[in-house]
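Colleague: here is a sequence together with a model predicted from it:
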Amino acid sequence: MTEVYFDHAGAAAIRDELLESVFSKLKSTKYGNPHSHNSAGKRTLEQIEQSRFRILSLFKTSSSDYSVIFTSGATAGLKIVAEYFDYGETSNANFYHSQEIHTSCLGMREYAEQKNVPIVSLKLKEFTDYFQSMEKRNNEVGKSLVAFPAQCNFTGYRMPLNLIEIIKQKLGVNAYVCLDAASFVSTTVLDLSEYKPDFVCISFYKIFGCPTGLGCLLVKKTAEEALLKTYYGGGTVFVAASTENFHVKRKRIEERFEDGTLPYLEIVSLNACFDWLETNGSQKVFSNQPYELAALAFRYMQSAFHSNSSPMFEVYSLTDYTDSLSQGGIISFNMRDSNGHYVGYAEVDSVVTANKFCVRTGCFCNPGACQTFLKLTKQDLLEHFKAGHVCGDNNDLVEGKPTGAIRLSFGPTNTYEEVEKLLKLLNCTFKDRNLTPIELQVHQAIQSGKNIKLEKIRLYPVKSCSYQEVKSWPIEATGLSYDRQWMIIGSTGASITQKREPRLCLITPTVNIEKKTLTLNYPGVKPVTIIFGLKSNQIEAKVCKSRVCGDSVDVNDCGEEVYQWLQNIFGSQGYRLVQQSAVRRQKKEDNKTSLSLANESQYLLVNKNSVSKLMEQMALDDATSTSLDEMIDRFRGNLIVSGLDPFEEEEWESFKVSGIIFKVLGPCSRCQMICVNQSTGERSKEPLTSLVRLRGRKMPFGVHVLTMIEEYGKLELRTSDY
């Protein structure tokens, strides 16, 4: 199934033919440092100047009206304006900004505050009325800076750009407008011949999908004097002396502000994007279709109700999606169950991800929009922060209130059929869902006479690989001996999991405690064996750092033989096998609890009858049938138990096996990892979709546990004991 991309406001979906155009241009000619006067450098300089011309032409202006300063993106452009804008006499100056604005624009306040400039914060809908009703100001010594987005990246609302002229009429000649155009230009051409902001910030990956490290700040010629720059870097001066404080800056503003060597290969790549655009037509990028798709989604959501007539969707919008001049191709929303309770955005994201849709969740780096539309007070934000919620996490509900939303942002490559398919998925999954009975369900405690058994013990020596099943096994401070003692890392040192490489499940590790060996098996490949536990003078191990769930961990590299073995399977990925060299500490408990390379806890317990219950739900959902054992494998438990009621394990506080007391920490919230068939490495949308319908928010399944003993010695866990 092909992945459907609905995150064009985050980055445009790059097309294969555009990439071919970029690669061809980079391969066909040698380019060098533009500060060098050799032929390669001169070719690069030509590309840079050509690119400036094409950028201005795209936005229907010329070098007589605007200058192009290359930056790393829109954020860097905003920072330049914020840092170097000269307010003059600050007692007569102001910084105005919209509340519903990108974090990078919101950060401009810090420089204004540092310069003691009064700050005025306005809602987007208030902007026009505020300045229209303002009395005209006489020319004053101080300068005012007004910052707002051409298009809100949260709602897709488009500001009336004639507001630029209104602001200048009311505030006078000392008024300057900074327009964040990053979201707007992703699907629409900004006409600078008609609307003339002083500063315009753009990221090119929002338009073409690449190059990702390049943007620009367009500066109106009449506004250049408002930016006073102190620092100078390579290429920005005519002359500089090191023996005394003497230098002469270059005349052109782009030459003064582009410190050091420009990312010239990215600029060459941008020219290739322009080549592709000229060949294929601007409609390939700039199109009204994203708006039409958003309008389709809006109409559907407005008419979608549960059987009890309660609405399924809560759409956040400032328009009714009837006019593309005021609305772009973005729609943001949350979902509610049939009782009116919110469904967490992380839960919705898990469902759509399992079904091969890419959407965006959270606040989309627009905290003001979140505050406005989710009706969050400053006190709410503080309470959310105390509860552990920070920007970018999946803590989607705090005391039942959403901390963010789901965003669909469309591009010219999206189709009506794709949108309808997603809307149908959301309807089928969440219609008539009632979270309360499931989330508040109370299960009976363990009753005497039940035939409760520990059926299987499984350790996973290599994180995210297959298991080794045993009848009995020693335990230690971190859990089962050698459980998740190894992991496979990439070239950056980050742990590789099945989310990125599902074929890891086909690697079967076997630990031989007596021989102190780890053997790795993979279908069709000769096994590889490494020896562990040797003294330092017997093996030379490379000590390095890696990360597991945000924790920095010390690991030892397991050598070149297993590296080559992994290369034979996965190709030139740079994967390496490493072994943990020092224990981690449990975050949620006291610092005496030790962890291996497992994500959250020492053990994961899975109830066989809970899996059976899930399979019943899958049958009701007409999901593809599979065996009970294969479904158990997907939940990757250490302890597989039987004889319980479905989900009874979630009500336990502790239990005893083999004379060892275990404490239950709480349910395990599931993600799309359970969609990987552990026998084949293939992905599917189940069982995640059915699990959402069965268990509701956070999709709890299985419980995290830890041992309650201080001295381990030769303790051993055995099956059939309980």
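Modeller: Cool, got the structure.
Colleague: partners of the longest strand anywhere in the chain, with directions?
Modeller: Counting by DSSP state E, the longest strand found in the chain is strand 660-669. Strand pairing for strand 660-669, using DSSP bridges, gives strand 654-657 (antiparallel), strand 700-707 (antiparallel).
Colleague: give me the below-cutoff pLDDT ranges for this protein.
Modeller: 1, 139-141, 434-450, 533-552, 582-596, 598-599, 624, 697, 708-716, 719-722 (pLDDT under 70).
Colleague: just the strands in the stretch 351-500 of the chain please.
Modeller: 357-358, 360-362, 397-398, 401-402, 405-409, 453-459, 468-470, 472-476, 479-480, 486-489 (DSSP state E, counting those that start in this stretch).
Colleague: ok, and what's touching the first one?
Modeller: Counting by Cβ atoms under 8 Å, 6 or more residues apart in numbering, the neighbours of strand 357-358 from elsewhere in the structure are 3-7, 422, 425. Every residue, glycine included, has its C-beta placed from N, CA and C.
Colleague: 6 Å instead, please
Modeller: 4-5, 7, 422 (Cβ atoms under 6 Å, 6 or more residues apart in numbering).
Colleague: cool, and the second one?
Modeller: Strand 360-362 has contacts (Cβ under 6 Å, 6+ apart) with 7, 10, 345, 349, 404, 406-407.
Colleague: now swap in the fifth one and tell me
Modeller: Here strand 405-409 makes contact (Cβ under 6 Å, 6+ apart) with 6-9, 330-334, 345, 348, 359-361, 364.
Colleague: before we move on, what about the last one?
Modeller: Among residues not part of strand 486-489, those counted as contacts by Cβ under 6 Å, 6+ apart are 461-463, 495-496, 546, 575-579, 597.
Colleague: and stretch 122-138, which residues are buried?
Modeller: 122, 124, 127-128, 130-131 (16 or more other Cβ atoms under 10 Å).
Colleague: repeat for stretch 302-318
Modeller: 304, 306, 312-318.
Colleague: kindly export it (C-alpha atoms) in CSV.
Modeller: Backbone C-alpha positions of stretch 302-318 (Å, rounded to 0.1, in the frame of the first residue of the first chain) are rendered in CSV as follows:
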residue,chain,number,x,y,z
GLN,A,302,-19.2,19.5,9.7
SER,A,303,-21.8,16.9,8.7
ALA,A,304,-20.3,13.9,10.6
PHE,A,305,-22.2,12.8,13.7
HIS,A,306,-22.4,9.9,16.1
SER,A,307,-25.7,8.0,16.1
ASN,A,308,-26.8,10.0,19.2
SER,A,309,-26.3,13.2,17.0
SER,A,310,-23.2,14.4,18.9
PRO,A,311,-20.5,15.7,16.6
MET,A,312,-17.5,13.5,15.7
PHE,A,313,-15.1,16.4,14.8
GLU,A,314,-14.2,19.7,16.3
VAL,A,315,-12.7,21.8,13.5
TYR,A,316,-10.5,24.8,14.3
SER,A,317,-11.2,27.5,11.7
LEU,A,318,-11.6,31.2,11.1
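Colleague: any idea how far it is from the chain center?
Modeller: 27 Å (Cα atoms, centre = their mean, to the nearest Å).
Colleague: same thing with stretch 670-684?
Modeller: 21 Å.
Colleague: got it, and stretch 125-134?
Modeller: Counting by Cα atoms, centre = their mean, stretch 125-134 comes out at 35 Å from the chain centroid.
Colleague: identify all contacting residues around that stretch.
Modeller: 122, 163, 166-167, 170, 318.
Colleague: out of these, who's nearest residue 653?
Modeller: Taking Cβ to Cβ as the measure, residue 653 lies nearest residue 318 of the contacts of stretch 125-134, at 49.3 Å.
Colleague: the closest one: what secondary structure?
Modeller: Following DSSP: H, G, I helix; E, B strand; the rest coil, we place residue 318 in the coil state.
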